[in-house]
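>>> can't give you the sequence, but here's the structure:
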(Lines give C-alpha, C1' and ligand atoms only; values in the text may rest on other atoms or scores of the structure.)
Protein backbone atom coordinates (compact mmCIF):
# COMPACT_ATOMS: atom_id res chain seq x y z
CA UNK A 1 0.00 0.00 0.00
CA UNK A 2 1.31 3.46 -0.81
CA UNK A 3 1.47 6.04 1.97
CA UNK A 4 1.15 9.81 1.94
CA UNK A 5 4.61 11.40 2.13
CA UNK A 6 3.49 14.23 4.44
CA UNK A 7 4.34 13.42 8.06
CA UNK A 8 1.51 13.82 10.55
CA UNK A 9 1.98 16.81 12.88
CA UNK A 10 0.57 15.09 15.95
CA UNK A 11 1.48 11.44 15.35
CA UNK A 12 -0.77 8.55 14.46
CA UNK A 13 -4.21 8.10 15.95
CA UNK A 14 -4.40 5.44 18.67
CA UNK A 15 -5.12 2.01 17.23
CA UNK A 16 -4.81 3.17 13.62
CA UNK A 17 -1.91 2.48 11.27
CA UNK A 18 0.23 5.51 10.35
CA UNK A 19 -0.96 5.43 6.76
CA UNK A 20 -4.59 5.54 7.86
CA UNK A 21 -3.98 8.31 10.37
CA UNK A 22 -2.20 10.30 7.70
CA UNK A 23 -4.98 9.70 5.20
CA UNK A 24 -7.63 10.86 7.69
CA UNK A 25 -5.57 13.90 8.72
CA UNK A 26 -4.84 15.08 5.20
CA UNK A 27 -8.44 14.51 4.12
CA UNK A 28 -9.66 16.50 7.12
CA UNK A 29 -7.23 19.36 6.52
CA UNK A 30 -8.10 19.64 2.86
CA UNK A 31 -11.80 19.49 3.59
CA UNK A 32 -11.45 22.05 6.39
CA UNK A 33 -10.01 24.48 3.87
CA UNK A 34 -13.15 24.17 1.76
CA UNK A 35 -16.10 23.44 4.03
CA UNK A 36 -18.29 25.90 5.89
CA UNK A 37 -21.66 25.81 7.60
CA UNK A 38 -24.07 25.21 4.72
CA UNK A 39 -26.85 27.50 3.62
CA UNK A 40 -30.34 26.58 4.82
CA UNK A 41 -31.49 23.32 3.26
CA UNK A 42 -33.91 23.56 0.34
CA UNK A 43 -36.55 20.94 -0.41
CA UNK A 44 -34.75 20.00 -3.64
CA UNK A 45 -31.35 19.43 -1.98
CA UNK A 46 -31.94 15.71 -1.40
CA UNK A 47 -29.49 13.02 -2.62
CA UNK A 48 -30.54 10.90 -4.50
CA UNK A 49 -32.73 13.40 -6.35
CA UNK A 50 -36.45 12.73 -5.71
CA UNK A 51 -38.84 11.98 -8.53
CA UNK A 52 -40.98 15.07 -7.89
CA UNK A 53 -40.43 18.09 -5.65
CA UNK A 54 -43.02 20.84 -5.06
CA UNK A 55 -41.60 23.52 -2.71
CA UNK A 56 -43.84 25.73 -0.61
CA UNK A 57 -41.79 28.57 0.91
CA UNK A 58 -44.72 29.45 3.18
CA UNK A 59 -44.82 25.92 4.59
CA UNK A 60 -41.52 25.64 6.49
CA UNK A 61 -41.91 23.65 9.70
CA UNK A 62 -39.86 24.04 12.87
CA UNK A 63 -39.70 21.02 15.17
CA UNK A 64 -40.86 21.99 18.68
CA UNK A 65 -39.27 20.53 21.84
CA UNK A 66 -42.51 18.73 22.75
CA UNK A 67 -42.94 17.06 19.33
CA UNK A 68 -44.09 13.45 19.27
CA UNK A 69 -44.14 10.91 16.47
CA UNK A 70 -47.59 9.50 15.76
CA UNK A 71 -47.31 6.34 13.70
CA UNK A 72 -49.46 3.56 12.29
CA UNK A 73 -48.45 0.20 13.82
CA UNK A 74 -46.70 -1.07 10.67
CA UNK A 75 -44.40 1.93 10.74
CA UNK A 76 -43.42 1.68 14.40
CA UNK A 77 -39.87 0.44 13.81
CA UNK A 78 -39.13 3.18 11.27
CA UNK A 79 -40.46 5.79 13.68
CA UNK A 80 -38.23 4.43 16.44
CA UNK A 81 -35.21 4.68 14.15
CA UNK A 82 -36.10 8.23 13.11
CA UNK A 83 -36.51 9.24 16.74
CA UNK A 84 -33.17 7.60 17.49
CA UNK A 85 -31.45 9.75 14.86
CA UNK A 86 -33.06 12.97 16.09
CA UNK A 87 -32.88 12.67 19.89
CA UNK A 88 -29.09 13.12 20.35
CA UNK A 89 -28.69 16.38 18.36
CA UNK A 90 -32.01 17.98 19.35
CA UNK A 91 -32.15 16.88 22.96
CA UNK A 92 -35.91 16.43 22.49
CA UNK A 93 -37.58 13.32 23.97
CA UNK A 94 -39.62 12.63 20.79
CA UNK A 95 -41.90 9.89 22.12
CA UNK A 96 -43.33 7.45 19.58
CA UNK A 97 -47.07 6.78 19.81
CA UNK A 98 -49.00 4.12 17.90
CA UNK A 99 -52.34 5.23 16.51
CA UNK A 100 -54.59 3.26 14.19
CA UNK A 101 -55.20 6.26 11.93
CA UNK A 102 -52.74 9.09 12.56
CA UNK A 103 -54.42 12.37 11.86
CA UNK A 104 -52.90 15.59 10.54
CA UNK A 105 -52.82 17.28 13.97
CA UNK A 106 -49.43 15.97 15.17
CA UNK A 107 -46.08 17.63 14.38
CA UNK A 108 -44.63 14.35 13.05
CA UNK A 109 -46.86 11.70 11.49
CA UNK A 110 -45.71 8.50 9.80
CA UNK A 111 -48.21 6.24 8.07
CA UNK A 112 -47.92 2.91 6.30
CA UNK A 113 -51.07 2.41 4.24
CA UNK A 114 -52.46 -0.78 2.74
CA UNK A 115 -50.54 -1.72 -0.41
CA UNK A 116 -51.69 0.44 -3.26
CA UNK A 117 -53.79 2.54 -0.92
CA UNK A 118 -51.72 5.72 -1.05
CA UNK A 119 -53.51 8.02 -3.43
CA UNK A 120 -53.12 11.71 -2.77
CA UNK A 121 -54.31 12.34 -6.30
CA UNK A 122 -55.63 15.79 -5.42
CA UNK A 123 -52.18 17.01 -4.38
CA UNK A 124 -49.44 18.21 -6.78
CA UNK A 125 -48.24 15.22 -8.77
CA UNK A 126 -50.67 12.58 -7.45
CA UNK A 127 -49.06 9.34 -6.34
CA UNK A 128 -51.50 6.51 -6.94
CA UNK A 129 -48.76 3.83 -6.89
CA UNK A 130 -45.83 4.48 -4.59
CA UNK A 131 -44.89 0.80 -4.83
CA UNK A 132 -42.58 -1.23 -2.65
CA UNK A 133 -40.11 1.56 -1.85
CA UNK A 134 -41.79 4.86 -2.68
CA UNK A 135 -42.97 7.50 -0.22
CA UNK A 136 -44.72 10.85 0.00
CA UNK A 137 -43.50 13.63 2.28
CA UNK A 138 -45.73 16.63 3.03
CA UNK A 139 -44.31 19.51 5.05
CA UNK A 140 -46.53 22.37 6.19
CA UNK A 141 -46.12 25.07 8.79
CA UNK A 142 -48.02 22.92 11.28
CA UNK A 143 -46.42 19.51 10.77
CA UNK A 144 -44.70 16.81 8.74
CA UNK A 145 -46.58 13.83 7.29
CA UNK A 146 -44.71 10.89 5.77
CA UNK A 147 -46.72 8.21 3.98
CA UNK A 148 -45.75 5.00 2.19
CA UNK A 149 -47.24 1.69 1.12
CA UNK A 150 -44.51 -0.32 2.91
CA UNK A 151 -42.11 0.06 5.84
CA UNK A 152 -39.25 0.19 3.29
CA UNK A 153 -40.80 3.21 1.61
CA UNK A 154 -41.37 4.84 4.98
CA UNK A 155 -37.71 4.26 5.88
CA UNK A 156 -36.52 5.88 2.65
CA UNK A 157 -38.78 8.83 3.37
CA UNK A 158 -37.34 9.10 6.87
CA UNK A 159 -33.85 9.32 5.34
CA UNK A 160 -35.09 12.16 3.14
CA UNK A 161 -36.53 13.96 6.16
CA UNK A 162 -33.20 13.55 7.92
CA UNK A 163 -31.42 15.25 5.00
CA UNK A 164 -33.87 18.17 5.07
CA UNK A 165 -32.91 19.08 8.63
CA UNK A 166 -29.76 21.16 9.31
CA UNK A 167 -26.41 19.37 9.03
CA UNK A 168 -26.10 19.46 12.81
CA UNK A 169 -28.65 16.64 12.90
CA UNK A 170 -25.64 14.33 12.47
CA UNK A 171 -24.18 15.38 15.82
CA UNK A 172 -23.89 12.78 18.57
CA UNK A 173 -24.48 15.45 21.21
CA UNK A 174 -27.11 18.13 21.69
CA UNK A 175 -26.74 21.21 19.50
CA UNK A 176 -28.41 24.62 19.88
CA UNK A 177 -30.16 24.77 16.51
CA UNK A 178 -33.46 25.78 14.96
CA UNK A 179 -34.65 22.45 13.57
CA UNK A 180 -36.48 23.66 10.46
CA UNK A 181 -37.68 21.52 7.54
CA UNK A 182 -38.39 23.31 4.23
CA UNK A 183 -42.05 23.32 3.25
CA UNK A 184 -43.63 21.50 0.32
CA UNK A 185 -44.26 18.03 -1.04
CA UNK A 186 -41.95 15.28 -2.27
CA UNK A 187 -43.28 12.24 -4.15
CA UNK A 188 -40.53 9.71 -4.69
CA UNK A 189 -39.83 6.14 -5.78
CA UNK A 190 -36.80 4.34 -7.26
CA UNK A 191 -35.88 3.87 -10.90
CA UNK A 192 -34.29 0.43 -10.37
CA UNK A 193 -35.24 -2.21 -7.77
CA UNK A 194 -31.63 -3.28 -7.10
CA UNK A 195 -29.27 -0.60 -5.78
CA UNK A 196 -26.22 -1.73 -3.91
CA UNK A 197 -22.56 -1.74 -3.01
CA UNK A 198 -20.09 -4.56 -2.54
CA UNK A 199 -17.55 -4.91 0.26
CA UNK A 200 -14.62 -7.27 -0.28
CA UNK A 201 -13.88 -8.79 3.12
CA UNK A 202 -11.72 -11.57 1.64
CA UNK A 203 -8.56 -9.65 0.69
CA UNK A 204 -8.54 -7.76 3.98
CA UNK A 205 -10.97 -8.87 6.65
CA UNK A 206 -13.33 -6.32 8.16
CA UNK A 207 -15.11 -7.14 11.40
CA UNK A 208 -18.81 -7.05 12.12
CA UNK A 209 -18.82 -3.44 13.37
CA UNK A 210 -17.21 -2.21 10.15
CA UNK A 211 -19.82 -4.05 8.09
CA UNK A 212 -22.63 -2.54 10.17
CA UNK A 213 -21.15 0.89 9.53
CA UNK A 214 -21.17 0.09 5.80
CA UNK A 215 -24.85 -0.85 6.02
CA UNK A 216 -25.58 2.53 7.58
CA UNK A 217 -23.82 4.32 4.72
CA UNK A 218 -25.86 2.42 2.15
CA UNK A 219 -29.15 3.05 3.92
CA UNK A 220 -28.44 6.77 4.18
CA UNK A 221 -28.54 7.02 0.36
CA UNK A 222 -31.39 4.56 -0.28
CA UNK A 223 -29.16 1.72 -1.45
CA UNK A 224 -30.89 -1.55 -0.62
CA UNK A 225 -28.34 -4.36 -1.19
CA UNK A 226 -25.00 -5.16 0.44
CA UNK A 227 -22.98 -7.69 -1.55
CA UNK A 228 -20.33 -9.36 0.64
CA UNK A 229 -17.40 -10.90 -1.26
CA UNK A 230 -16.78 -13.59 1.35
CA UNK A 231 -14.17 -15.85 -0.29
CA UNK A 232 -11.06 -15.43 -2.36
CA UNK A 233 -7.48 -16.64 -2.69
CA UNK A 234 -6.36 -14.69 0.36
CA UNK A 235 -9.07 -15.68 2.81
CA UNK A 236 -12.31 -17.58 3.46
CA UNK A 237 -14.50 -15.41 5.67
CA UNK A 238 -17.59 -17.40 6.67
CA UNK A 239 -17.71 -20.50 8.84
CA UNK A 240 -19.22 -23.60 7.25
CA UNK A 241 -20.05 -26.28 9.82
CA UNK A 242 -19.69 -29.19 7.42
CA UNK A 243 -16.26 -27.99 6.22
CA UNK A 244 -14.77 -26.35 9.35
CA UNK A 245 -11.22 -25.93 8.03
CA UNK A 246 -12.48 -23.42 5.45
CA UNK A 247 -12.62 -20.75 8.15
CA UNK A 248 -10.14 -22.14 10.65
CA UNK A 249 -7.37 -22.59 8.06
CA UNK A 250 -8.55 -20.72 4.97
CA UNK A 251 -9.66 -17.70 7.00
CA UNK A 252 -6.40 -17.22 8.85
CA UNK A 253 -4.64 -15.12 6.19
CA UNK A 254 -5.04 -11.87 4.29
CA UNK A 255 -3.23 -9.67 1.79
CA UNK A 256 0.24 -8.74 2.97
CA UNK A 257 0.20 -11.30 5.76
CA UNK A 258 -2.65 -9.59 7.60
CA UNK A 259 -4.28 -11.30 10.59
CA UNK A 260 -7.25 -12.74 8.70
CA UNK A 261 -10.56 -13.49 10.37
CA UNK A 262 -14.01 -14.84 9.59
CA UNK A 263 -17.65 -14.55 10.57
CA UNK A 264 -19.29 -17.16 12.73
CA UNK A 265 -22.91 -18.03 11.87
CA UNK A 266 -24.01 -15.73 14.70
CA UNK A 267 -21.83 -12.90 13.34
CA UNK A 268 -23.40 -13.32 9.93
CA UNK A 269 -26.92 -13.47 11.37
CA UNK A 270 -26.21 -10.22 13.22
CA UNK A 271 -25.15 -8.51 9.98
CA UNK A 272 -28.20 -9.82 8.12
CA UNK A 273 -30.61 -8.74 10.87
CA UNK A 274 -29.02 -5.29 11.23
CA UNK A 275 -29.23 -4.78 7.48
CA UNK A 276 -32.83 -6.01 7.29
CA UNK A 277 -33.95 -3.49 9.88
CA UNK A 278 -32.55 -0.81 7.56
CA UNK A 279 -34.19 -2.43 4.51
CA UNK A 280 -30.87 -3.61 3.09
CA UNK A 281 -30.64 -7.15 1.69
CA UNK A 282 -27.36 -9.03 2.15
CA UNK A 283 -26.07 -10.81 -0.98
CA UNK A 284 -23.39 -13.40 -0.05
CA UNK A 285 -20.78 -14.34 -2.64
CA UNK A 286 -18.88 -17.64 -2.65
CA UNK A 287 -16.51 -17.16 -5.58
CA UNK A 288 -16.13 -20.28 -7.75
CA UNK A 289 -14.51 -22.06 -9.55
CA UNK A 290 -11.55 -19.65 -9.41
CA UNK A 291 -10.33 -17.40 -6.59
CA UNK A 292 -10.20 -20.47 -4.36
CA UNK A 293 -6.63 -20.76 -3.04
CA UNK A 294 -7.76 -20.32 0.59
CA UNK A 295 -10.23 -23.20 0.20
CA UNK A 296 -7.55 -25.41 -1.39
CA UNK A 297 -5.14 -24.75 1.50
CA UNK A 298 -7.85 -25.96 3.86
CA UNK A 299 -8.97 -28.94 1.75
CA UNK A 300 -6.30 -30.08 -0.74
CA UNK A 301 -8.63 -32.78 -2.12
CA UNK A 302 -10.54 -30.00 -3.89
CA UNK A 303 -7.46 -29.04 -5.92
CA UNK A 304 -6.80 -30.55 -9.35
CA UNK A 305 -3.39 -31.71 -8.08
CA UNK A 306 -4.83 -33.00 -4.76
CA UNK A 307 -2.00 -31.24 -2.97
CA UNK A 308 -2.27 -28.16 -0.79
CA UNK A 309 -0.91 -24.92 -2.25
CA UNK A 310 0.84 -22.50 0.10
CA UNK A 311 -1.32 -19.75 1.63
CA UNK A 312 -1.48 -16.75 -0.68
CA UNK A 313 -1.12 -13.17 0.57
CA UNK A 314 -0.42 -11.39 -2.71
CA UNK A 315 -2.86 -9.71 -5.10
CA UNK A 316 -2.54 -11.62 -8.39
CA UNK A 317 -5.66 -13.31 -9.78
CA UNK A 318 -6.62 -16.19 -12.03
CA UNK A 319 -4.22 -18.90 -10.87
CA UNK A 320 -6.40 -21.09 -8.61
CA UNK A 321 -9.48 -23.24 -9.14
CA UNK A 322 -11.34 -26.19 -7.70
CA UNK A 323 -11.26 -29.46 -9.65
CA UNK A 324 -14.25 -29.39 -12.03
CA UNK A 325 -13.82 -33.11 -12.84
CA UNK A 326 -14.15 -34.41 -9.27
CA UNK A 327 -17.57 -35.21 -7.79
CA UNK A 328 -16.29 -34.27 -4.34
CA UNK A 329 -16.07 -30.69 -5.63
CA UNK A 330 -19.82 -30.61 -6.23
CA UNK A 331 -20.54 -32.10 -2.81
CA UNK A 332 -18.44 -29.27 -1.35
CA UNK A 333 -20.30 -26.66 -3.42
CA UNK A 334 -23.70 -28.07 -2.43
CA UNK A 335 -22.78 -28.07 1.27
CA UNK A 336 -21.43 -24.53 1.23
CA UNK A 337 -24.31 -23.10 -0.79
CA UNK A 338 -26.80 -24.92 1.41
CA UNK A 339 -25.41 -23.56 4.67
CA UNK A 340 -24.95 -20.00 3.41
CA UNK A 341 -28.43 -19.98 1.86
CA UNK A 342 -29.95 -21.18 5.15
CA UNK A 343 -28.36 -18.19 6.93
CA UNK A 344 -29.52 -15.71 4.27
CA UNK A 345 -33.19 -14.66 4.12
CA UNK A 346 -32.69 -12.60 0.95
CA UNK A 347 -33.40 -14.08 -2.49
CA UNK A 348 -29.86 -13.93 -3.93
CA UNK A 349 -26.79 -16.15 -3.83
CA UNK A 350 -23.74 -14.94 -5.78
CA UNK A 351 -21.48 -17.70 -7.13
CA UNK A 352 -18.75 -15.48 -8.55
CA UNK A 353 -17.44 -17.07 -11.73
CA UNK A 354 -14.85 -14.46 -12.72
CA UNK A 355 -11.21 -14.81 -13.73
CA UNK A 356 -11.04 -18.62 -13.79
CA UNK A 357 -8.29 -18.33 -16.38
CA UNK A 358 -6.80 -21.79 -15.87
CA UNK A 359 -10.07 -23.69 -16.39
CA UNK A 360 -10.70 -24.84 -20.00
CA UNK A 361 -13.78 -23.22 -21.52
CA UNK A 362 -15.79 -26.43 -21.77
CA UNK A 363 -15.00 -27.44 -18.19
CA UNK A 364 -15.78 -23.93 -16.96
CA UNK A 365 -19.18 -23.92 -18.64
CA UNK A 366 -20.02 -27.38 -17.30
CA UNK A 367 -19.01 -26.35 -13.78
CA UNK A 368 -21.07 -23.15 -13.91
CA UNK A 369 -24.16 -24.97 -15.14
CA UNK A 370 -23.96 -27.46 -12.26
CA UNK A 371 -23.23 -24.68 -9.77
CA UNK A 372 -26.23 -22.69 -11.01
CA UNK A 373 -28.43 -25.74 -10.46
CA UNK A 374 -27.05 -26.11 -6.94
CA UNK A 375 -27.91 -22.49 -6.16
CA UNK A 376 -31.42 -23.01 -7.51
CA UNK A 377 -31.76 -26.12 -5.34
CA UNK A 378 -31.36 -23.93 -2.24
CA UNK A 379 -34.32 -21.82 -3.34
CA UNK A 380 -32.12 -18.82 -4.14
CA UNK A 381 -31.72 -16.90 -7.40
CA UNK A 382 -28.35 -17.11 -9.15
CA UNK A 383 -26.18 -14.01 -9.34
CA UNK A 384 -22.73 -14.17 -10.91
CA UNK A 385 -20.16 -11.99 -12.62
CA UNK A 386 -20.80 -11.56 -16.32
CA UNK A 387 -18.28 -14.28 -17.24
CA UNK A 388 -21.18 -16.68 -16.56
CA UNK A 389 -22.90 -15.39 -19.71
CA UNK A 390 -22.15 -18.34 -22.06
CA UNK A 391 -23.61 -20.90 -19.64
CA UNK A 392 -27.15 -22.18 -20.02
CA UNK A 393 -29.76 -19.84 -18.59
CA UNK A 394 -31.61 -20.71 -15.39
CA UNK A 395 -34.78 -18.99 -14.32
CA UNK A 396 -34.17 -15.54 -12.86
CA UNK A 397 -30.42 -15.53 -13.46
CA UNK A 398 -28.69 -12.20 -12.89
CA UNK A 399 -25.29 -11.25 -14.31
CA UNK A 400 -23.18 -8.57 -12.69
CA UNK A 401 -21.40 -6.71 -15.47
CA UNK A 402 -18.05 -5.18 -14.55
CA UNK A 403 -16.58 -4.45 -17.98
CA UNK A 404 -15.11 -1.20 -19.21
CA UNK A 405 -16.38 -1.41 -22.78
CA UNK A 406 -20.13 -1.50 -23.30
CA UNK A 407 -19.80 -3.56 -26.47
CA UNK A 408 -20.26 -7.06 -25.02
CA UNK A 409 -22.06 -9.45 -27.41
CA UNK A 410 -21.86 -12.45 -25.03
CA UNK A 411 -23.62 -10.56 -22.25
CA UNK A 412 -26.19 -9.16 -24.66
CA UNK A 413 -26.89 -12.70 -25.87
CA UNK A 414 -27.36 -13.90 -22.29
CA UNK A 415 -29.89 -11.12 -21.79
CA UNK A 416 -31.76 -12.20 -24.91
CA UNK A 417 -31.94 -15.69 -23.33
CA UNK A 418 -33.52 -14.24 -20.19
CA UNK A 419 -30.74 -12.90 -17.95
CA UNK A 420 -30.99 -9.57 -16.19
CA UNK A 421 -28.04 -7.29 -15.43
CA UNK A 422 -26.62 -5.49 -12.43
CA UNK A 423 -24.37 -2.73 -13.80
CA UNK A 424 -20.96 -2.29 -12.13
CA UNK A 425 -18.73 -0.89 -14.89
CA UNK A 426 -15.15 -0.97 -13.71
CA UNK A 427 -14.33 2.47 -15.10
CA UNK A 428 -17.33 4.18 -13.44
CA UNK A 429 -18.54 2.19 -10.42
CA UNK A 430 -15.43 0.48 -8.98
CA UNK A 431 -14.82 2.54 -5.86
CA UNK A 432 -11.37 1.04 -5.26
CA UNK A 433 -10.10 3.04 -8.25
CA UNK A 434 -8.06 6.12 -7.40
CA UNK A 435 -9.68 9.55 -7.66
CA UNK A 436 -6.54 11.07 -9.18
CA UNK A 437 -2.92 10.02 -9.81
CA UNK A 438 -1.86 11.17 -6.34
CA UNK A 439 -4.59 9.33 -4.41
CA UNK A 440 -2.56 7.47 -1.75
CA UNK A 441 -4.52 4.19 -1.91
CA UNK A 442 -6.45 2.29 -4.55
CA UNK A 443 -5.89 1.04 -8.10
CA UNK A 444 -5.98 2.52 -11.58
CA UNK A 445 -6.31 -0.49 -13.93
CA UNK A 446 -9.81 0.66 -14.95
CA UNK A 447 -8.79 4.32 -15.01
CA UNK A 448 -9.11 7.16 -12.55
CA UNK A 449 -12.64 7.74 -11.24
CA UNK A 450 -13.42 11.18 -9.91
CA UNK A 451 -16.94 12.04 -8.77
CA UNK A 452 -18.07 13.21 -12.20
CA UNK A 453 -16.94 9.96 -13.83
CA UNK A 454 -18.79 7.99 -11.16
CA UNK A 455 -21.93 9.99 -11.97
CA UNK A 456 -21.85 10.59 -15.72
CA UNK A 457 -23.19 7.36 -17.21
CA UNK A 458 -26.62 5.80 -17.62
CA UNK A 459 -27.28 2.23 -16.46
CA UNK A 460 -30.25 2.03 -18.79
CA UNK A 461 -28.23 2.10 -22.01
CA UNK A 462 -24.66 1.39 -20.95
CA UNK A 463 -24.27 -2.11 -22.42
CA UNK A 464 -25.00 -2.24 -26.14
CA UNK A 465 -27.93 -4.41 -27.07
CA UNK A 466 -29.28 -4.54 -23.51
CA UNK A 467 -32.61 -2.72 -23.09
CA UNK A 468 -33.30 -0.70 -19.96
CA UNK A 469 -36.01 -3.14 -18.87
CA UNK A 470 -33.37 -5.91 -18.60
CA UNK A 471 -31.32 -3.85 -16.11
CA UNK A 472 -32.12 -4.89 -12.55
CA UNK A 473 -30.00 -2.11 -11.10
CA UNK A 474 -26.55 -0.84 -10.16
CA UNK A 475 -23.85 -1.78 -7.68
CA UNK A 476 -20.63 -0.07 -6.61
CA UNK A 477 -17.93 -2.64 -5.71
CA UNK A 478 -15.20 -1.79 -3.21
CA UNK A 479 -12.29 -4.23 -3.46
CA UNK A 480 -9.83 -4.12 -0.57
CA UNK A 481 -6.41 -5.27 -1.76
CA UNK A 482 -5.06 -1.86 -0.70
CA UNK A 483 -7.57 -0.99 2.04
CA UNK A 484 -7.11 -2.08 5.65
CA UNK A 485 -9.16 0.23 7.89
CA UNK A 486 -12.58 1.79 8.22
CA UNK A 487 -11.18 5.26 7.51
CA UNK A 488 -9.73 4.02 4.22
CA UNK A 489 -13.02 2.38 3.25
CA UNK A 490 -14.91 5.61 3.88
CA UNK A 491 -12.33 7.70 2.03
CA UNK A 492 -12.94 5.63 -1.10
CA UNK A 493 -16.73 5.49 -0.63
CA UNK A 494 -17.32 9.20 -0.15
CA UNK A 495 -18.20 11.25 -2.10
CA UNK A 496 -18.63 8.70 -4.95
CA UNK A 497 -21.13 6.34 -3.29
CA UNK A 498 -23.95 8.93 -3.43
CA UNK A 499 -23.26 9.39 -7.15
CA UNK A 500 -23.92 5.72 -7.88
CA UNK A 501 -26.89 5.78 -5.51
CA UNK A 502 -28.46 8.57 -7.52
CA UNK A 503 -28.06 6.61 -10.75
CA UNK A 504 -29.93 3.71 -9.18
CA UNK A 505 -32.71 5.66 -7.51
CA UNK A 506 -33.47 8.86 -9.42
CA UNK A 507 -35.39 9.19 -12.70
CA UNK A 508 -33.21 9.66 -15.75
CA UNK A 509 -34.87 13.06 -16.26
CA UNK A 510 -33.22 14.36 -13.07
CA UNK A 511 -29.71 13.39 -14.17
CA UNK A 512 -27.69 16.61 -14.22
CA UNK A 513 -24.07 16.95 -13.15
CA UNK A 514 -24.29 20.64 -12.25
CA UNK A 515 -27.33 20.06 -10.08
CA UNK A 516 -25.87 16.94 -8.46
CA UNK A 517 -22.56 18.52 -7.52
CA UNK A 518 -24.37 21.47 -5.94
CA UNK A 519 -26.61 19.17 -3.89
CA UNK A 520 -23.71 16.91 -2.92
CA UNK A 521 -21.69 19.85 -1.64
CA UNK A 522 -24.08 20.27 1.28
CA UNK A 523 -23.31 16.75 2.47
CA UNK A 524 -19.68 17.50 3.30
CA UNK A 525 -20.58 19.25 6.57
CA UNK A 526 -22.93 16.36 7.39
CA UNK A 527 -20.15 13.79 6.95
CA UNK A 528 -17.75 15.95 8.95
CA UNK A 529 -20.25 16.22 11.79
CA UNK A 530 -20.84 12.45 11.69
CA UNK A 531 -17.12 11.67 11.83
CA UNK A 532 -17.05 10.11 8.36
CA UNK A 533 -13.71 10.29 6.55
CA UNK A 534 -14.15 11.51 2.97
CA UNK A 535 -12.17 12.82 0.04
CA UNK A 536 -12.78 16.58 -0.44
CA UNK A 537 -13.02 16.21 -4.21
CA UNK A 538 -11.98 19.44 -5.96
CA UNK A 539 -14.78 19.14 -8.52
CA UNK A 540 -17.43 19.57 -5.81
CA UNK A 541 -18.21 23.19 -4.74
CA UNK A 542 -17.94 22.61 -1.01
CA UNK A 543 -18.86 25.69 1.05
CA UNK A 544 -15.83 27.96 1.13
CA UNK A 545 -15.50 29.43 4.64
CA UNK A 546 -13.33 27.14 6.73
CA UNK A 547 -14.85 25.06 9.50
CA UNK A 548 -13.11 22.53 11.70
CA UNK A 549 -13.59 18.89 10.73
CA UNK A 550 -13.01 16.36 13.53
CA UNK A 551 -10.46 13.61 13.27
CA UNK A 552 -11.79 10.20 12.30
CA UNK A 553 -12.80 8.45 15.55
CA UNK A 554 -11.23 5.08 16.19
CA UNK A 555 -13.65 3.46 18.63
CA UNK A 556 -16.37 0.91 17.83
CA UNK A 557 -19.57 1.78 15.99
CA UNK A 558 -22.66 2.13 18.15
CA UNK A 559 -24.88 -0.47 16.47
CA UNK A 560 -28.08 1.43 17.37
CA UNK A 561 -27.16 4.56 15.43
CA UNK A 562 -26.54 5.34 11.82
CA UNK A 563 -23.64 7.73 11.94
CA UNK A 564 -21.62 7.97 15.10
CA UNK A 565 -18.78 6.15 16.78
CA UNK A 566 -17.77 6.04 20.43
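Arrived safely. This is a predicted model, so every value here is computed, not measured. Numbers count the residues shown, from 1 in each chain.

>>> Helices of the stretch 151-300 of the chain, start to end?
Along the stretch 151-300 of the chain, counting by DSSP state H, counting those that start in this stretch, helices occupy 151-164, 208-220, 245-248, 265-277, 293-298.

>>> For residue 283, give its distance to residue 498.
Here residue 283 is placed at a distance of 20 Å from residue 498 (Cβ to Cβ, to the nearest Å). Glycine gets a C-beta too; all of them are placed from N, C-alpha and C.

>>> deepest of the helices of the stretch 151-300 of the chain, which one?
Of all the helices of the stretch 151-300 of the chain, helix 293-298 has the most neighbours on average by mean count of other Cβ atoms under 10 Å, namely a mean of 26.

>>> ok, residues contacting that one?
With contacts defined as Cβ atoms under 8 Å, 6 or more residues apart in numbering, helix 293-298 is touched by 202, 231-236, 243, 245-246, 248-251, 253, 302-303, 308-312, 319-320, 322.

>>> what's the spacing between residue 363 and residue 299?
To residue 299, residue 363 is 19 Å away according to Cβ to Cβ.

>>> So between these two, which is more surrounded?
Here residue 363 and residue 299 are compared on neighbour count by other Cβ atoms under 10 Å; more neighbours surround residue 299, at 19 against 16.

>>> Can you name the next helix or strand after the lowest-mean-pLDDT helix or strand in the chain?
Comparing every helix and strand of the chain by mean pLDDT, DSSP states H and E singles out helix 18-32 as the least confident one, with a mean of 66. Per DSSP states H and E, helix 18-32 leads on to strand 52-55 as the next helix or strand towards the C-terminus.

>>> Indicate each strand paired with that next one and its parallel or antiparallel sense.
strand 184-188 (antiparallel) (DSSP bridges).

>>> Can you mark which positions in stretch 301-319 are buried?
Going by neighbour count (16 or more other Cβ atoms under 10 Å), the buried part of stretch 301-319 is 302, 303, 304, 308, 309, 311, 312, 313.

>>> Turn those into a markdown table, columns for distance to residue 274, secondary structure and pLDDT.
Formatted as a markdown table, the entries for the buried residues of stretch 301-319 read as follows, by distance: Cβ to Cβ, whole Å; DSSP: H, G, I helix; E, B strand; the rest coil; pLDDT from 0 to 100:
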| residue | distance to residue 274 | secondary structure | pLDDT |
| --- | --- | --- | --- |
| 302 | 32 | helix | 98 |
| 303 | 36 | coil | 98 |
| 304 | 39 | coil | 98 |
| 308 | 36 | coil | 98 |
| 309 | 35 | coil | 98 |
| 311 | 31 | coil | 98 |
| 312 | 31 | coil | 98 |
| 313 | 30 | coil | 98 |
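
>>> could you dump those residues to TSV with distance to residue 53?
What follows is the buried residues of stretch 301-319, written out as TSV (distance: Cβ to Cβ, whole Å):
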residue	distance to residue 53
302	55
303	57
304	58
308	60
309	57
311	54
312	51
313	50
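
>>> coming back round to it: pipe the helices of the stretch 151-300 of the chain into CSV and attach distance to residue 526 and mean pLDDT per row.
Shown next, in CSV, are these (distance: least, Cβ to Cβ, whole Å; pLDDT from 0 to 100):
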stretch, distance to residue 526, mean pLDDT
helix 151-164, 8, 98
helix 208-220, 9, 98
helix 245-248, 38, 98
helix 265-277, 22, 98
helix 293-298, 39, 98
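
>>> now for the ones you listed, which one comes closest to residue 62?
Taking Cβ to Cβ as the criterion, helix 151-164 is the member of the helices of the stretch 151-300 of the chain that comes nearest to residue 62, at 12.2 Å.

>>> Mind giving me the packing neighbours of the closest one?
Based on contacts counted as 3 or more Cβ pairs under 8 Å, 6 or more residues apart in numbering; DSSP states H and E, the elements that helix 151-164 packs against are helix 76-90, strand 108-112, strand 135-140, strand 143-148, strand 184-188, helix 208-220.
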